[in-house]
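Enquirer: below is the structure, and that's it, no one-letter string:
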């Protein structure tokens with residue numbers, strides 16, 4: 001009887017150890033995540049139906065609640081993993097014509113989350129970090145990407161910047177195909193300084209020289225095809241964005257009881273550096289009705305100038 005019991009115990013132990021040894025899944029549930037394997041994972045070699053090869057058989061599947069998945073997401077399967085001993089979520093996400101492998105890093109500031117990534121996967125040529133000033137709050141962002149032969153890993157972290165630490169920053173790492181348009185290769189922001197040289201208004205339709213020192217600063221984001229202003233927020237809706245030209249329009253609804261600038265239009269020629277800027281301001285002051293060119297209290301100012309690259313956002 002004792003011999004039989006011993007055989008049964010040994011058989012059970014062998015079964016457990018064998019399952020662990022012969023497990024073929026790439027990422028283990030509730031085990032420390034090997035970030036080297038994550039960054040070098042070639043997602044293009046798999047389909048969503050291969051999920052057991054990637055995250056194993058013991059996973060949490062989508063329960064059908066549309067509120068628990070993202071826009072355009074069809075399905076997902078998820079496991080918990082450990083990053084430096086802390087539990088995080090590793091999710092395989094299915095879309096119509098692609099899939100992502102996403103890792104969340106909860107409980108870290110952006111700087112702390114960045115430190116979890118081995119430095120060999122961070123290249124300054126594919127890195128950007130900035131703070132957007134929305135007046136009522138400031139947002140700090142870090143983004144970078146790392147390419148393998150067919151896949152791309154992107155890192156995104158966003159947190160509020162204030163005297164009190166952000167208790168819930170958002171950090172997400174994603175593995176996707178390099179062909180995925182939603183996962184562009186991250187590029188540093190390009191700062192440019194645009195000098196306003198001449199201006200005219202619809203009150204006096206004549207060009208006049210601007211005072212020296214009239215400049216506007218912009219930040220070009222070629223990876224996301226966006227133009228940011230000096231506060232590193234959107235300069236407006238993109239009308240044109242390519243290697244030769246950037247054209248944006250920012251327009252607001254306005255209250256006719258007070259003076260307000262409600263329209264800004266920027267056009268930058270990336271070939272020769274020429275720059276145009278149109279600004280529209282509503283002013284309820286009845287005196288402006290005496291000007292022939294002013295209609296409905298809207299004052300229009302057109303500026304022309306030139307832009308050049310600027311390496312730093314500081315004097316010295």
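Expert: Yep, it's here. Predicted, not measured: the structure shown is a model, and the values here were computed from it.
Enquirer: drop to CA atoms for contacts and neighbour counts, all remaining ones
Expert: OK.
Enquirer: strands of the stretch 101-250 of the chain, start to end?
Expert: All strands of the stretch 101-250 of the chain, identified by DSSP state E, counting those that start in this stretch, fall at 127-133, 138-147, 151-160, 170-177, 190-201, 208-209, 215-221, 226-228, 237-241, 245-251.
Enquirer: rebuild these as a markdown table, extending it with mean neighbour count and distance to residue 96.
Expert: As requested, the strands of the stretch 101-250 of the chain are exported to a markdown table (neighbours: other Cα atoms under 10 Å; distance: least, Cα to Cα, whole Å):
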| stretch | mean neighbour count | distance to residue 96 |
| --- | --- | --- |
| strand 127-133 | 16 | 29 |
| strand 138-147 | 20 | 23 |
| strand 151-160 | 22 | 18 |
| strand 170-177 | 23 | 14 |
| strand 190-201 | 19 | 34 |
| strand 208-209 | 12 | 56 |
| strand 215-221 | 18 | 28 |
| strand 226-228 | 21 | 26 |
| strand 237-241 | 15 | 27 |
| strand 245-251 | 18 | 32 |
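Enquirer: dump those into JSON lines; add distance to residue 258 and mean pLDDT as well.
Expert: Conversion of the strands of the stretch 101-250 of the chain to JSON lines gives the following (distance: least, Cα to Cα, whole Å; pLDDT from 0 to 100):
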{"stretch": "strand 127-133", "distance to residue 258": "25", "mean pLDDT": "97"}
{"stretch": "strand 138-147", "distance to residue 258": "27", "mean pLDDT": "97"}
{"stretch": "strand 151-160", "distance to residue 258": "32", "mean pLDDT": "97"}
{"stretch": "strand 170-177", "distance to residue 258": "39", "mean pLDDT": "96"}
{"stretch": "strand 190-201", "distance to residue 258": "20", "mean pLDDT": "96"}
{"stretch": "strand 208-209", "distance to residue 258": "28", "mean pLDDT": "94"}
{"stretch": "strand 215-221", "distance to residue 258": "25", "mean pLDDT": "97"}
{"stretch": "strand 226-228", "distance to residue 258": "27", "mean pLDDT": "98"}
{"stretch": "strand 237-241", "distance to residue 258": "25", "mean pLDDT": "98"}
{"stretch": "strand 245-251", "distance to residue 258": "16", "mean pLDDT": "98"}
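Enquirer: check which element follows the helix or strand where residue 53 lies along the chain.
Expert: Secondary structure from DSSP states H and E places residue 53 in helix 51-55. Next along the chain after helix 51-55, taking DSSP H and E as the criterion, comes strand 60-61.
Enquirer: who's the closest residue to residue 158 other than its chain neighbours bridged to?
Expert: Nearest residue to residue 158 in three dimensions, chain neighbours excluded: residue 141, at 4.5 Å (Cα to Cα, 6 or more residues apart in numbering). Beta-bridge partners for residue 141, by DSSP bridges, are residue 130, residue 158.
Enquirer: might one say that residue 141 is in contact with residue 156?
Expert: Yes: using Cα atoms under 8 Å, residue 141 makes contact with residue 156 at a distance of 7.4 Å.
Enquirer: circling back: do you know which of the strands of the stretch 101-250 of the chain lies nearest residue 39?
Expert: Evaluated with Cα to Cα, the strands of the stretch 101-250 of the chain place strand 151-160 nearest to residue 39, the distance being 6.2 Å.
Enquirer: now find how far off-centre that closest one is within its chain.
Expert: 7 Å (Cα atoms, centre = their mean, to the nearest Å).
Enquirer: that strand - contacts with which helices or strands?
Expert: helix 110-115, strand 138-147, strand 170-177 (3 or more Cα pairs under 8 Å, 6 or more residues apart in numbering; DSSP states H and E).
Enquirer: looking at the ones you listed, which is closest to residue 276?
Expert: Going through these one by one, with Cα to Cα as the measure, strand 138-147 comes closest at 28.9 Å.
Enquirer: what sits up against the closest one?
Expert: 39, 110, 121-123, 126-133, 152-162, 178, 185-187 (Cα atoms under 8 Å, 6 or more residues apart in numbering).
Enquirer: next, count neighbours for residue 264.
Expert: The tally of other residues near residue 264 (other Cα atoms under 10 Å) stands at 18.
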